[in-house]
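*Asks:* How does the following fold in three dimensions:
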Amino acid sequence: MFDQFLDANEAAARLKVHPETVKRLIRMKQLPARKFGNKWLIDRDVLDQFAATYQPGPGAKRQLF
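*Replies:* Now for the predicted structure:
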């Protein structure tokens, strides 16, 4: 049953981003997911469609004081 779903860590590895980036995309409703317990689950097919068009932006620049 859960074979068709990936958690945030697995999705992050697929997208080559940090797991917090995946969670932010979910919170911003750009990546559909379901919460099960304390884990976000992303449908594998939905992630494949998302990955085909996702272009990760550059990370935030570090501020020097």
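*Asks:* now the residue nearest the centre of the chain, what's its secondary structure?
*Replies:* When CA atoms, centre = their mean is applied to the chain, the residue found nearest the centroid is V22 (2.6 Å). Recorded secondary structure, V22: helix (DSSP: H, G, I helix; E, B strand; the rest coil).
*Asks:* For it, which residues are in contact?
*Replies:* The contact partners of V22, by CB atoms under 8 Å, 6 or more residues apart in numbering, come to 8, 11-12, 15, 31, 40, 42. (C-beta placed from N, C-alpha, C; glycine too.)
*Asks:* Restricted to helices, list these.
*Replies:* 8, 11-12, 15 (DSSP state H).
*Asks:* Throw those residues into TSV and include distance to T53 and neighbour count, thanks.
*Replies:* TSV is the format used below for the ones in helices among the contacts of V22 (distance: CB to CB, whole Å; neighbours: other CB atoms under 10 Å):
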residue	distance to T53	neighbour count
A8	19	21
A11	15	27
A12	17	18
L15	11	18
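*Asks:* quick check, nearest of the contacts of V22 to P56?
*Replies:* When those are ranked by distance to P56 (CB to CB), L15 comes first, at 7.1 Å.
*Asks:* Isn't the closest one up against T53?
*Replies:* No - counting by CB atoms under 8 Å, no contact exists between L15 and T53, whose distance comes to 11.2 Å.
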